[in-house]
Every structure is written in C-alpha cells, then in structure tokens.
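A.B. asks: can you look at this prediction? I've put the sequence above it.
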2 protein chains.
Amino acid sequence: MNIETTIEEMARAARKAARQMAHCASSRKNEVLRIISLLLAKRAEDIKAENRRDLNLAQERGLSAAMIDRLTLDDAVLESMITGLQEVAILEDPVGTRTESRLLPNGLEVSRERISLGVIGMIYESRPNVTVDAAALCLKAGNAVILRGGSEALYSNQALTAIIAEALSRCGLPPEAAQLVPVRDRNAVTALLKQEDHIDLIIPRGGEGLIRFVVANSTIPVLKHYKGVCHVYVDQGADLSMAEAICFNAKVQRPGVCNAMETLLVHRNEAAAFLPRLARCMEEAGVELRGCPQTLAILTDRTAARETDWPAEYLDLILAVKVVQDIQEAMDHIARYGSSHTEAIVTSDYDRARRFVREVDSSVVMVNASTRFNDGGQLGLGAEIGISTSKLHAFGPMGLQELTTTKFVVLGNGQART
Amino acid sequence: MNIETTIEEMARAARKAARQMAHCASSRKNEVLRIISLLLAKRAEDIKAENRRDLNLAQERGLSAAMIDRLTLDDAVLESMITGLQEVAILEDPVGTRTESRLLPNGLEVSRERISLGVIGMIYESRPNVTVDAAALCLKAGNAVILRGGSEALYSNQALTAIIAEALSRCGLPPEAAQLVPVRDRNAVTALLKQEDHIDLIIPRGGEGLIRFVVANSTIPVLKHYKGVCHVYVDQGADLSMAEAICFNAKVQRPGVCNAMETLLVHRNEAAAFLPRLARCMEEAGVELRGCPQTLAILTDRTAARETDWPAEYLDLILAVKVVQDIQEAMDHIARYGSSHTEAIVTSDYDRARRFVREVDSSVVMVNASTRFNDGGQLGLGAEIGISTSKLHAFGPMGLQELTTTKFVVLGNGQART
C-alpha cells in the first residue's frame, strides 16, 4: 500500500475514533491516562530497549550529541512523562461546559458548548516524550491524534504509542484515537497535511524549517510559532537590581528555548548606570553582548550589533543590546523586529506600564517579570501543547482549552423565523 | 505600478493603521460609525449614481436578473446599511476586557486581555452593502480591513469606501484602516492572499468556487464555510404540527440561504403520518420532494433521491427526504453527508434531545427550532460577518468577538523563574 493510502486510512480511522472520544466521560479519559502511566512504569525496560535501537542508529548516522541527548529516554525522562500524565489527569475537563447562555425574547435558549476539536495532527522532531505529553492533552480534550515524531525516534515512539493504544482499548475506547505514522518517509508528512476532510488541526513543533514546510504544504489550519525573538525593555527610573535579575534570568536560565530574551532595550538615561553592571553578570555567565553604537560608547571593546542581530533568535548565550530614546522607540523596535512571542518591561512608572501592556502586540506581555514565564505550566494553564504566535484561535501558550472549540446549542419549543 | 506592489503597499499601510486602531477608544470608533451613517444619508444620490454606473455595465455584460438585484443600491438597501451601522455602534466593545485572571503563588497576576486581530482581508461577491457592514464590524473590533468586493460593484464600492475613509479622517484615525482594492484584476486576490506578514485573517464570502480558490491560495488563516447542507430530524413521538411548522419554515421561508433545510430525516414510525401532511404544505409552496425508497412507498409518484441528493446544497425549493430507523441512523447520515453548519431535531423525548445536542458535530445544533435561526443577529450576537463551519477560532456565526483574540498579560514585581 502506498504512503498516501496508508495516511488517508489512518486519518479516516482517526475521524471515526474522534466521534467516540468527543462524548467520552472525563472519568474514563482520566482512567486512560492512569493506565498509560502504570504501563510506562511497568514496561520501562522494554521502552528503554527500543530507545537503545534508536540511539544505536543515531550513533551510526553520527547525529550530534545534542540530538542524542534529546532522543534519550532514561529513567528521569520516563518519570517526567508519568508526572506529566498525572498533571493532565487532574486538569478540569473543558468539554461539555456551557457558556454565554442567553434567553431570547422569542423563548429560544442559546448557549455555547465547549466541544473537542476532532482530529489533531502533531508533527514534531526528536524528543520521544512529546509522544506521550501531546497524546495525553489531545485525548483529555476529547480528540483523536495522529502523531508524526522524528524519524530518528521511530522505535521509541512505536513502543510508547503501543502503550497508549493498549490503555485506550482497556478502557473500551478505540485505539485509533492515538496513532503513530509508522514510517520514516517524509512523504507521509505531505500526505498528512492534505487530509483536510479528516484532520481539523495541525500542530508542528520543531525548528523554523519544519514549521515553514508545514505551513506551506498544509490545507489544514496550523497553530505554530516560527520563533521567539523576546525583548526586555528597561525603562527610565526602573529598579536596576530588579532589572538585572530579570534580564539575567531571561537570558541565562535556559538560553536554548523560545521564551529566552534575545534583545535588551535600555532607556538612554539608565544606560550608563545599568549596562556596566549588566555586562559584568552576563559576561561572568559567558554571554556575548552585541551592542548598538550607544551601547558600545559605554561598553567599549564589545562586538557591534549588525542589522541581522535585531531579528535574530540566537537560542544561545548571545544578547543584542540597544539604547533607546524612550518607550515609544522601544515599542517601535519590538513592532519591527519582534516575533509576537513575549515582551517584558521593567519599570516603576504606572502609566508606562499600562501603555506597554496595552500597545505591545505579543502573545504574552509582562511587567517586571522574566520572559521565561511564557509557559502554560508557569502561567497556571496546566500542561501546554505549544505556544502560538499567530492570532487565530490561540495566541500564547496552548493548554487543554485550546484543543477544543465551541458550538452553539439552541433549545426551543417550536420557534420559526419570521 | 504592478498589482503585487500595489497590494503589498496597501497591506503595509493597513498594518500601520491597525496599530492605531488597536487601542482606539470605543467612543471614537462609534463616532466613526455615526459619521458613516450620516454621510450615507447625505450622499445617497451620489452613491446611487455610482451604483447606476455599475448597473449599466452589468446590463451591457448581460448579467442575470438575480445578480443585478443583488448589485442594486436603492433607498431600502441604504436604509438597511444605516440601521446596521447603528446596531454595530451599540454593541459592547470586546477590546480591552480582561478574563481568566489568576493570582499565582509566586505573586504573578496573570490574565487574558481581549485584543483586536490586526488586519482583516474581506473577499466577497456582488452585494455592495457588505462593504459597509463588514467594515463597520472590523473597525468596531479595532482592526484595519482591506476590502475586495465583486468587480461588478467597483464604482459602488469606491463611493462607499470613500465615505468610510472620510469618516475615519474626521475622527483623527488613519483612512488606511479601511481600504478597497481599486482594480478589477483577479490577480489582486492572489496577491492579497500572500500578504502573510501584514494580514492576519482572510474572510471570503460567496460561492463555493470563490471560497475553494481562497483556501487553496492563501498562506493566511481563512475563516469560511463552503456550504450549508442543513438537516431536520423528526423523531419518534415528535409533535407533528410543530415538526410541520419547523420544516416549512426551514425550507420555504428563504430557500436561497445557507441555513435553509436541504434534507429532512423522518423516523420510520412517524413517516406514514407525517410525510403526507408535509408533502401537502411543501408542494403548495412549490417545493419538489426527492425521496428515499421508503419515502416513495408513502409519497408515490415523487422523484427518487439519488446518491448525489444527500450531500446537495440546493439553495432552491427542493427537499431531499429520507426515512430512518432511529436517531442513530439520523446522526450517522448527518455525520456522513452534513456540512457541520446547522442541524435540528424535533422531539418530545428528553434523552434523545440531549443525545442529539451532545453528539451532532455542527456549528449550531437545535432542538425544536428552525435551522433559519443560525444567524448572528437571531442568536443575540448582534451583526455577523459570516458563519464558520471550520472549528478553529470560530465555529458558527461570527460576531464582533470573533474579530478579536486574546493575549496574556502578566504583572509582577521582579519574579524570575527557578
């Protein structure tokens, strides 16, 4: 059977399974998650054996140490998957809640009911733990999911998906509610992106190349972010100790992730006092600074920032630094070079705090806090399936609710339209 | 200047205007709408003169009477545009409201703030009143809009857009917040659909051909419905007088619109009693019935429904009729042939009413009411900009709120992530 047919049959089976998942009771969905976590613990050795097959192939192919690290399923990663399942199980089920109820003058009762989306296609790169994390969220929200993990993690993902399918079956639910694309062939992705009749949403997670490929080839709606070029603006009169702590955290705590700071904007009146102390702590942590001319007048002997530095997502211990005239120039810079991901202001001024919050057009806008808090767990949504920087349907971290939608329910007693 | 450059410059100007619209006070946006309605009244003769230029061209080209009817701007249409503006002006402004506030254990205050989407591209066919209706909704929700109306309505649309631009300017807002694509060239549409960096959402309104063209060519998210194949299911034990009134209204009141019934499903135990009385009233109104074999056993001498009738959107006085075994067969038929638009059950049974509501996967699901109520105005949302049958972002009638999104606002006092 060719790959297009395989994928279409999977998608059709997922659609059928989704109809059953859509009105499955929360208790049963939670039971599925509980059984998955039991089986993960019980079959840890089998999973790690399958993972070693992937790791052996990866080593033969000479994959980078970072890739191999992300691919590895050790006890700590398994433990975090189990904890993640427990966290999703205790989240409130959004499906079936009614909101915005109205009783109209003609006696119609109108409300919106939260329903599952249907079938979700997850396309992701190496980390096999995404298989379990993403499936748990999709299933809890009453959806079916088709998983396409990194080809280098195929054996690991097969072992994990077999456990999920078994848990579904044991609970009387269709195992087709969580299916893994069983081949390494990249044409499978292209075929998946054309199943508009059977798949409701595609979520790609990975590098910008993967995401651009998905957007260009999908006829299905896609929720994604290309990159996170996050800014911190240190305002005139800011508490400079707080500014230093926030900037250090935003840059250094985990530089390789999308919510790390990439560009620092400093008000000209604070630059002389703030930049030397910032440089001291950043450079101690190994951060390379690349400055605008005004920055270099204060921090001499550093690299000059070029035009390509302003839109750069370094994902590394590099920071672009620009001195600005005022909040307006800071916001103009963000509007021009930002990625609508996360922006923070450090300020003591009430009006400018309000203005920054109102006018900055990013999925998360912060006052006096580190950009690293743009994360579903950190913001109290529970686990997240990704972060969206496009504004349709979801903008910011996507939790359970973003894996649902609403339909209108209209209850009448014979109303006809006049 | 070629058309691609023109469109890109329009989109860029719209993006800039959108930044200003995004945090414009409600009172000023309402003042814009008020001035538009004043100018529409004051310049009625000029508008009708421009409309006559379109009508003359349409007659020369031999457009159908129906097309010419839709194109005509007479006093009644102008009056309805003015009423529409007043209705949008009194709607509550969704922008700036905060929801889902949480105070986290670490002291961060997290909330979601409703914000405008940005730039919306409206692509529609002949009716020039859409120009004003759509612009009013987009502007009230704090967006900029690029309008691409039917090429046969260009003079009318230019007259209307000039008024909108004048109203914006008079209120100190950028006239680029509402721009009309100034050429008939269809390449303008293709160019518009590629402005991913400057346009956030495309809403096409028109025939299925237009909408499929837009979906196939857009790299921007699209909210749309292809068609409305709406069903009424008359359940066992239903009040047959009520069923007759609902079916008659759903089919006959306005057969050419997307929320009209196209297929009737009748429980087998009611068919013998219900179908003859239904046929009487439907056929008096000129409705042609096309039945399944069991229908034809009761209503002899009618046309047999073919496989192509079940997914058909007639938009005409034709009704497909099928006798079903039970609610399960009715719901299976809807899942297979429906368009996720509007489905209704006529029933007296509590459990089956609940089951239909829960299991039918359409944007509006109704009990004992006519499908014709799937309309933003009728359901209490105020004016609508269209109906979505895809589940992302909006599912069902789209009002002001669907022209907005939410961002996260995080207020702290120095929090860093550990």
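C.D. replies: Looks like it came in fine. The structure presented is a predicted model; accordingly, all values stated were derived computationally and were not measured.
A.B. asks: contacts only, for the closest residue to A:R268 other than its chain neighbours.
C.D. replies: For A:R268, ignoring the flanking residues on the chain, the nearest one in space by C-beta to C-beta, 6 or more residues apart in numbering or on different chains is A:V323 at 5.2 Å. C-beta coordinates here come from the backbone N, C-alpha and C atoms, glycine included. Listed by C-beta atoms under 8 Å, 6 or more residues apart in numbering or on different chains, the contact set of A:V323 reads A:L265, A:V266, A:H267, A:R268, A:A271, A:C292, A:Q294, A:T295.
A.B. asks: by neighbour count, which of the residues you listed wins?
C.D. replies: Most neighbours among these, by other C-beta atoms under 10 Å in any protein chain shown: A:V266, with 31 neighbours.
A.B. asks: wait, that residue touches A:V324, no?
C.D. replies: Yes: counting by C-beta atoms under 8 Å, A:V266 does reach A:V324; the two are 7.0 Å apart.
A.B. asks: list residues touching both of those two?
C.D. replies: Between them, A:V266 and A:V324 share these contacting residues under C-beta under 8 Å, 6+ apart: A:Y233.
A.B. asks: for the stretch 1-150 of chain A, which residues are neighbours of chain B?
C.D. replies: Along the stretch 1-150 of chain A, the residues adjacent to chain B under the rule C-beta under 8 Å from any C-beta of the partner chain are A:R19, A:A22, A:H23, A:G96, A:R102, A:L104, A:L108, A:V110, A:E113, A:I115, A:L117, A:G118.
A.B. asks: tell me the centre residue of chain A?
C.D. replies: The C-alpha lying nearest the average C-alpha coordinate of chain A belongs to A:G386 (C-alpha atoms, centre = their mean; 1.5 Å).
A.B. asks: and the pLDDT for it?
C.D. replies: pLDDT, A:G386: 90.
A.B. asks: I'd say it and A:R205 touch.
C.D. replies: Yes: under the criterion of C-beta under 8 Å, A:G386 is in contact with A:R205, at a separation of 5.5 Å.
A.B. asks: just the CA trace of stretch A:300-308, in CSV.
C.D. replies: Extracted in CSV, the C-alpha atoms of stretch A:300-308 (Å, rounded to 0.1, in the frame of the first residue of the first chain):
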residue,chain,number,x,y,z
THR,A,300,33.7,49.6,24.8
ASP,A,301,35.5,46.7,23.1
ARG,A,302,32.4,44.7,22.5
THR,A,303,31.1,43.4,19.2
ALA,A,304,28.9,45.9,17.2
ALA,A,305,25.4,44.6,16.5
ARG,A,306,24.6,44.4,12.8
GLU,A,307,21.1,44.8,11.2
THR,A,308,20.9,40.9,11.2
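A.B. asks: flag every buried residue along that stretch.
C.D. replies: For stretch A:300-308, burial by neighbour count (16 or more other C-beta atoms under 10 Å in any protein chain shown) applies to A:R302, A:A305.
A.B. asks: isn't A:S339 up against A:K224?
C.D. replies: No: counting by C-beta under 8 Å, A:S339 does not reach A:K224; the two are 11.6 Å apart.
A.B. asks: hmm, back to that, residue contacts, the residue nearest to the centre of chain A?
C.D. replies: Here A:G386 is in contact with A:I203, A:R205, A:L223, A:K224, A:H225, A:P397, A:M398 (C-beta under 8 Å, 6+ apart).
A.B. asks: go on, A:A58?
C.D. replies: Neighbours of A:A58 in contact, by C-beta under 8 Å, 6+ apart: A:M67, A:I68, A:L71, A:E152.
A.B. asks: hey, where'd the helices end up in the stretch 1-150 of chain A?
C.D. replies: Using DSSP state H, counting those that start in this stretch, the helices of the stretch 1-150 of chain A run over A:3-22, A:26-42, A:44-60, A:65-71, A:75-90, A:129-140.
A.B. asks: just to revisit the earlier point, the contacts of A:G386 also near chain B: which ones?
C.D. replies: Here is what survives when those are matched to chain B using C-beta under 8 Å from any C-beta: A:L223, A:P397.
A.B. asks: closest one of the contacts of A:G386 to B:L403?
C.D. replies: Closest approach between the contacts of A:G386 and B:L403, by C-beta to C-beta: A:L223, at 18.7 Å.
A.B. asks: tell me what the closest residue to the closest one other than its chain neighbours is bridged to.
C.D. replies: Spatial nearest neighbour of A:L223, chain neighbours left out: A:S388 (4.8 Å); criterion: C-beta to C-beta, 6+ apart. With DSSP bridges as the criterion, A:S388 is bridged to A:G396.
A.B. asks: related to what we said a few turns ago, need the residues of the stretch 1-150 of chain A next to chain B in JSON lines (columns: distance to B:A136).
C.D. replies: JSON lines is the format used below for the residues of the stretch 1-150 of chain A next to chain B (distance: C-beta to C-beta, whole Å):
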{"residue": "A:R19", "distance to B:A136": "39"}
{"residue": "A:A22", "distance to B:A136": "36"}
{"residue": "A:H23", "distance to B:A136": "39"}
{"residue": "A:G96", "distance to B:A136": "35"}
{"residue": "A:R102", "distance to B:A136": "22"}
{"residue": "A:L104", "distance to B:A136": "23"}
{"residue": "A:L108", "distance to B:A136": "26"}
{"residue": "A:V110", "distance to B:A136": "23"}
{"residue": "A:E113", "distance to B:A136": "29"}
{"residue": "A:I115", "distance to B:A136": "30"}
{"residue": "A:L117", "distance to B:A136": "31"}
{"residue": "A:G118", "distance to B:A136": "33"}
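A.B. asks: please pick the buried ones from the residues you listed.
C.D. replies: By neighbour count, with 16+ other C-beta under 10 Å, the residues of the stretch 1-150 of chain A next to chain B hold A:R19, A:A22, A:G96, A:L108, A:V110, A:E113, A:I115, A:L117, A:G118 as buried.
A.B. asks: filter the residues you listed down to just the ones in strands.
C.D. replies: If you go by DSSP state E, these have A:V110, A:E113, A:I115 in strands.
A.B. asks: ok, so of those, who is nearest chain B?
C.D. replies: A:V110 (5.1 Å; C-beta to the nearest C-beta).
A.B. asks: so the closest one sits against A:V410, correct?
C.D. replies: Yes: with contact defined as C-beta under 8 Å, A:V110 counts as touching A:V410 (5.4 Å).
A.B. asks: who touches both of these two?
C.D. replies: By C-beta under 8 Å, 6+ apart, the residues touching both A:V110 and A:V410 are B:L379.
A.B. asks: OK, contacts around the residue in the stretch 101-250 of chain A positioned nearest to chain B?
C.D. replies: At 3.5 Å from chain B, A:N249 is the closest residue in the stretch 101-250 of chain A, using C-beta to the nearest C-beta. Residues in contact with A:N249 (C-beta under 8 Å, 6+ apart) are A:S370, A:R372, B:A416, B:R417.
A.B. asks: so what's the second one scoring on pLDDT?
C.D. replies: As predicted, A:R372 sits at a pLDDT of 97.
A.B. asks: ok, now the third one?
C.D. replies: For B:A416, the model assigns a pLDDT of 97.
A.B. asks: excluding chain neighbours, what is closest to it?
C.D. replies: Using C-beta to C-beta, 6+ apart and skipping residues adjacent in sequence, the residue nearest B:A416 is A:N249, 3.5 Å away.
A.B. asks: same check, this time on the last one
C.D. replies: Across the structure, with C-beta to C-beta, 6+ apart as the measure, the residue nearest B:R417 apart from its sequence neighbours is A:R372 (4.0 Å).
A.B. asks: that neighbour belongs to a helix?
C.D. replies: Yes: checked against DSSP: H, G, I helix; E, B strand; the rest coil, A:R372 lies within a helix.
A.B. asks: quick one on the thing from earlier: how about JSON lines for the contacts of A:V323, with secondary structure and pLDDT added?
C.D. replies: JSON lines is the format used below for the contacts of A:V323 (DSSP: H, G, I helix; E, B strand; the rest coil; pLDDT from 0 to 100):
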{"residue": "A:L265", "secondary structure": "strand", "pLDDT": "98"}
{"residue": "A:V266", "secondary structure": "strand", "pLDDT": "98"}
{"residue": "A:H267", "secondary structure": "strand", "pLDDT": "98"}
{"residue": "A:R268", "secondary structure": "helix", "pLDDT": "98"}
{"residue": "A:A271", "secondary structure": "helix", "pLDDT": "98"}
{"residue": "A:C292", "secondary structure": "coil", "pLDDT": "98"}
{"residue": "A:Q294", "secondary structure": "helix", "pLDDT": "98"}
{"residue": "A:T295", "secondary structure": "helix", "pLDDT": "98"}
